[in-house]
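**Q** Below is the structure, and that's it, no one-letter string:
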């Protein structure tokens, strides 16, 4: 099942608007994997479309680029600091949210393009499936056509009140 379908199912089933933070908590790994796959496809298409440059025409490294490369090699593999780990975690969260936002925007576009009675709306900082405004009259007519709940007579309400107040009670 695709990540897009999973997100759609969660938004549909939720009683409250679903936020990006909630979706990120559930689908973080899948969102990163989807982003990697999308970027890999984009990179392969870019490489295929890029003309090859002969080596003699390739530009040499600038002094700044050479200095940066030399500095990276001299530092070598070291233990990342706590600040680097926090920065990496924030970057990862940002990437997850951007990917989820991209997928949700695709869902919103799909619902808007097709002739559907529903749409995905951004409400209260989250996302929710709702009826399109042009179909409100049809939904209202359906709801009004439902049988109203059975109403109790005054005698039945009085009996229930006595039973609730003085339990247990005998038949007379």
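**A** Okay, I see it. Everything numeric in this text was worked out from a predicted model, so none of it was measured.
**Q** Buried residues in stretch 97-116, which are they?
**A** By 16 or more other CB atoms under 10 Å, the buried positions in stretch 97-116 come out as 97, 99-100, 103-104, 107, 111. C-beta here means a position set from N, CA and C on the backbone, and glycine is covered the same way.
**Q** Mind checking which of those residues are in helices?
**A** Secondary structure from DSSP state H places 97, 99-100, 103-104, 107, 111 of the buried residues of stretch 97-116 in helices.
**Q** Let me see the contact set for the nearest residue to residue 116 once chain neighbours are set aside.
**A** Closest residue in space to residue 116, ignoring its immediate chain neighbours: residue 132 at 7.4 Å, by CB to CB, 6 or more residues apart in numbering. When contacts are counted by CB atoms under 8 Å, 6 or more residues apart in numbering, residue 132 touches 116-119.
**Q** just to revisit the earlier point, any chance of TSV for the ones in helices among the buried residues of stretch 97-116, columns distance to residue 90 and pLDDT?
**A** TSV is the format used below for these (distance: CB to CB, whole Å; pLDDT from 0 to 100):
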residue	distance to residue 90	pLDDT
97	11	93
99	15	93
100	16	93
103	21	94
104	21	94
107	26	93
111	31	90
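**Q** Go through those residues and say which is closest to residue 148.
**A** residue 111 (32.5 Å; CB to CB).
**Q** Run through the residues that contact the nearest residue to that closest one once chain neighbours are set aside.
**A** Excluding the flanking residues, the one nearest residue 111 by CB to CB, 6+ apart is residue 119, at 4.7 Å. Going by CB under 8 Å, 6+ apart, residue 119 touches 108, 111-112, 129-132.
**Q** Brilliant, that's me finished.
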